[in-house]
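K.L.:
A structural model of the following input is requested.
(one chain, ligands or ions: 1)
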Amino acid sequence: MALISKEYDQFVESDVHSLQKQDLAFTSRHYEHFIKYMGSKSKIMDFLLEGINSVYSGDRVCDLFAGSASLAGAIGDQIPIHSNDIQNYSAVLANTYLNAWDDGNIPSLEILKELSTQIFERNYKSLNIRNSYQNISDVQAFIELEKSEQKLIDRRFNRDWHLFVKYYSGTWWNIEQCLWIDAIREVAETHKNTPAYSVILSCLMYAMAYTSQGTGHFAQYRDAISESSMKDILIYRKRSVWDYFAKKYISATSQLSSVKPKYKHTVTALDFSECLDVFGSGTVYADPPYCFVHYSRFYHALETIALYDYPEIQIKKGKIVKGRYRENRHQSPFCIKTQVPSAFHTMFEKIKANGQSLVLSYSNTGMISIEEIGQLAEDILGSNYSLELLTTSHEHMTLGRVKDRHRDVKECLLLAKLG
Ligand SMILES: C[S@@+](CC[C@H](N)C(=O)[O-])C[C@H]1O[C@@H](n2cnc3c(N)ncnc32)[C@H](O)[C@@H]1O
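P.N.:
Prediction:
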């Protein structure tokens with residue numbers, strides 16, 4: 001249970017500056033999971049909260065690289081949060097955790113089903129689909145079916161709401177699954193600017209993740225190269241987008257409060273350095289990427305369902321790139337070896353300039369060493385801050401004196417407390 005004092009319970013939005021550390025220690029509430037996310041901190045949330053609790057000295061909390069928005073999920077009921085990530089799908093998830101509530105207008109599953117089914121059936125008929133995955137057992141026939149679906153990328157549609165069927169049929173999903181994704185997305189749009197919007201989209205992201213034939217992300221879809229790989233892909237091809245969506249929607253809406261969230265949360269999709277300036281004073285939790293793979297490549301399909309903007313697709317040597325990535329997708333400096341030190345430099349400079357405290361997640365398998373980050377933090381944050389490392393063995397270590405002791409620790413937290 002969260003140690004929330006009576007005063008804090010009665011907290012009103014304008015009282016944000018009166019929040020004091022002694023008033024609370026954050027503990028994780030139960031929250032719904034929507035996507036499989038590389039680097040998600042949901043499994044080590046208690047460790048992370050231990051770090052935040054030891055640095056927090058009042059005011060708001062910013063999740064600077066929110067990703068699957070797990071921090072908002074865990075403590076969004078206990079503190080005003082600013083949830084930020086450069087990717088827009090993160091904002092959808094954060095809004096579900098922070099700002100969604102049952103305002104009396106959350107559509108029932110039956111209504112959603114009726115509307116989505118009407119759209120699905122109309123569009124299914126117009127495509128005149130002849131082949132189906134249901135009875136296929138021959139690898140060659142399977143490959144041909146996949147290829148014929150992939151060709152829809154060249155088709156011109158004279159109606160809107162055809163993005164997934166055009167771009168992704170025969171890739172991570174088959175044509176019918178794509179028709180369902182488009183149909184549910186179309187219905188979601190009619191709830192824009194209401195609490196239902198982010199809930200419907202989050203549940204749709206869940207359905208996309210669990211019906212996709214990929215390996216949990218959208219970097220590459222698999223090709224059937226043998227009977228056994230075909231059989232495995234078929235398991236996913238036969239999954240119903242609607243059923244996965246429905247299961248999640250029932251669960252997510254049953255947890256919505258009938259009372260409007262009492263805190264004024266902020267959700268943005270900014271670059272981290274801009275967000276630090278917008279956030280102002282408070283405690284920043286920073287969980288930047290640790291490795292060279294760009295999130296914009298792994299999760300481009302989530303970005304596209306959030307934006308639904310018919311993006312230009314990346315072309316190489318005159319051909320559409322197999323992964324069908326968005327052109328001009330974000331390249332993070334934390335994933336480019338030569339840019340990582342200056343990205344951390346910027347982060348620490350902004351933290352200092354804005355008088356913020358910092359909890360930084362990193363790994364000793366990351367793009368630069370913990371020692372280098374610690375040195376940068378010491379050089380930039382200097383004597384205004386007390387610096388510590390918290391390791392997954394729950395050891396607090398002073399930076400500088402114990403440089404070698406975290407060698408076999410994978411995840412650690414750099415704690416930079418102001419004052
Ligand atoms: C390790 S993940 C964060 C995981 C998150 N803490 C969770 O529990 O799901 C890193 C995140 O940083 C985001 N990111 C990368 N570069 C960024 C930048 N320049 N500004 C803001 N966000 C960025 C990525 O989109 C990704 O979601």
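
K.L.:
For Val199, what is the enclosing helix or strand?
P.N.:
helix 195-211 (DSSP states H and E).

K.L.:
Could you see whether the ligand lies near that helix?
P.N.:
No: Helix 195-211 stays clear of the ligand (C-beta under 6 Å from any ligand atom), getting no nearer than 12.9 Å. (C-beta placed from N, C-alpha, C; glycine too.)

K.L.:
Now do the buried residues in the helix or strand just after that helix.
P.N.:
Per DSSP H and E, the first helix or strand lying C-terminal to helix 195-211 is helix 227-237. Of the residues in helix 227-237, 230, 233-234, 236-237 count as buried by neighbour count, 16 or more other C-beta atoms under 10 Å.

K.L.:
Mind picking the two most distant members of the residues you listed?
P.N.:
Met230 and Tyr236 (11.4 Å; C-beta to C-beta).

K.L.:
Assign the residue nearest to Asp287 when sequence neighbours are not counted to helix, strand or coil.
P.N.:
Distances taken as C-beta to C-beta, 6 or more residues apart in numbering put Ser361 closest to Asp287, at 4.2 Å, once the chain neighbours are dropped. When classified by DSSP: H, G, I helix; E, B strand; the rest coil, Ser361 comes out as strand.

K.L.:
give me the beta-bridge partners of Ser361?
P.N.:
Leu413 (DSSP bridges).

K.L.:
can you pull out the strands in the protein?
P.N.:
According to DSSP state E, the chain carries its strands in the segments 3-4, 24-25, 61-63, 81-84, 266-268, 283-286, 315-316, 319-320, 357-363, 385-391, 396-398, 411-418.

K.L.:
Reformat these as TSV; add mean pLDDT and distance to the ligand.
P.N.:
Listed next are the strands of the chain as TSV, based on pLDDT from 0 to 100; distance: least, C-beta to the nearest ligand atom, whole Å:
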stretch	mean pLDDT	distance to the ligand
strand 3-4	24	23
strand 24-25	81	20
strand 61-63	98	7
strand 81-84	98	6
strand 266-268	98	9
strand 283-286	98	8
strand 315-316	94	23
strand 319-320	92	24
strand 357-363	96	7
strand 385-391	94	16
strand 396-398	68	21
strand 411-418	94	11
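
K.L.:
For Asn88, state which of the buried residues of helix 227-237 is nearest.
P.N.:
Nearest to Asn88 among the buried residues of helix 227-237, with distances taken as C-beta to C-beta, is Tyr236, at 25.3 Å.

K.L.:
For Met208, see how far away the closest one is.
P.N.:
Here Tyr236 is placed at a distance of 11 Å from Met208 (C-beta to C-beta, to the nearest Å).

K.L.:
Count the neighbours of Arg122 for me.
P.N.:
12 (other C-beta atoms under 10 Å).

K.L.:
quick revisit: these two touch, right, the residue nearest to Asp287 and Leu48?
P.N.:
Yes: between Ser361 and Leu48 there is a contact under C-beta atoms under 8 Å: 7.0 Å.

K.L.:
what's the overlap in contacts for these two?
P.N.:
By the contact definition C-beta atoms under 8 Å, 6 or more residues apart in numbering, Ser361 and Leu48 are jointly contacted by 41, 285, 413.

K.L.:
so the last one touches Asn53, yeah?
P.N.:
No: contact criterion C-beta under 8 Å: Leu413 and Asn53 do not qualify, at 11.2 Å.

K.L.:
Give me the more crowded residue out of these two.
P.N.:
Leu413 (26 against 16).

K.L.:
hang on, Val259 packs against Asp103?
P.N.:
No: with contact defined as C-beta under 8 Å, Val259 does not count as touching Asp103 (9.9 Å).

K.L.:
Comparing the two, which residue is more hemmed in?
P.N.:
Asp103 (13 against 9).

K.L.:
Next up, the contacts around the more buried one.
P.N.:
Contacts of Asp103 by C-beta under 8 Å, 6+ apart are 194-195, 260.

K.L.:
hmm, 7 Å instead?
P.N.:
Pro195 (C-beta atoms under 7 Å, 6 or more residues apart in numbering).

K.L.:
do the same with Thr194
P.N.:
Counted by C-beta under 7 Å, 6+ apart, Thr194 has contacts Asn105.

K.L.:
what does the stretch 151-300 of the chain put close to the ligand?
P.N.:
271-272, 287-289, 295.

K.L.:
quick check, nearest of the residues you listed to Phe120?
P.N.:
Tyr295 (30.4 Å).

K.L.:
tell me the pLDDT at that closest one?
P.N.:
Here, the pLDDT recorded for Tyr295 equals 96.

K.L.:
Was I right to think it contacts Gln87?
P.N.:
Yes: assessed by C-beta atoms under 7 Å, Tyr295 is found in contact with Gln87 at 6.1 Å.

K.L.:
With neighbour numbers in mind, choose between those two.
P.N.:
Higher neighbour count among Tyr295 and Gln87: Tyr295, with 26 against 23, using other C-beta under 10 Å.

K.L.:
Domain boundaries for this protein, per the record?
P.N.:
Here the domain parsing of the chain from automatic domain parsing is 3-99+265-294+333-418, 109-254.

K.L.:
how close does the residue sitting nearest the centre point of the chain get to Lys247?
P.N.:
For the chain, Ser68 is the residue whose C-alpha lies nearest the centre (C-alpha atoms, centre = their mean; 2.8 Å). As for Ser68, its distance to Lys247 is 19 Å (criterion: C-beta to C-beta).

K.L.:
Next, count neighbours for Ser273.
P.N.:
For Ser273, using other C-beta under 10 Å, the count is 14.

K.L.:
That one against Lys350, yeah?
P.N.:
Yes: at 5.8 Å, Ser273 counts as touching Lys350 under the criterion of C-beta under 7 Å.

K.L.:
Who are the contact partners of the nearest residue to Phe298 once chain neighbours are set aside?
P.N.:
In space, and not counting its chain neighbours, Phe298 is closest to His217: 4.0 Å by C-beta to C-beta, 6+ apart. Applying C-beta under 7 Å, 6+ apart, we find His217 in contact with 38, 298-299.

K.L.:
Point out where the chain drops to low pLDDT.
P.N.:
The model of the chain has pLDDT under 70 over residues 1-24, 394-396, 398-409.

K.L.:
distance of the residue sitting furthest away from the middle of the chain from the ligand?
P.N.:
Within the chain, Asp138 marks the point farthest from the mean C-alpha position, 37.5 Å out by C-alpha atoms, centre = their mean. Separation of Asp138 from the ligand (C-beta to the nearest ligand atom, to the nearest Å): 41 Å.
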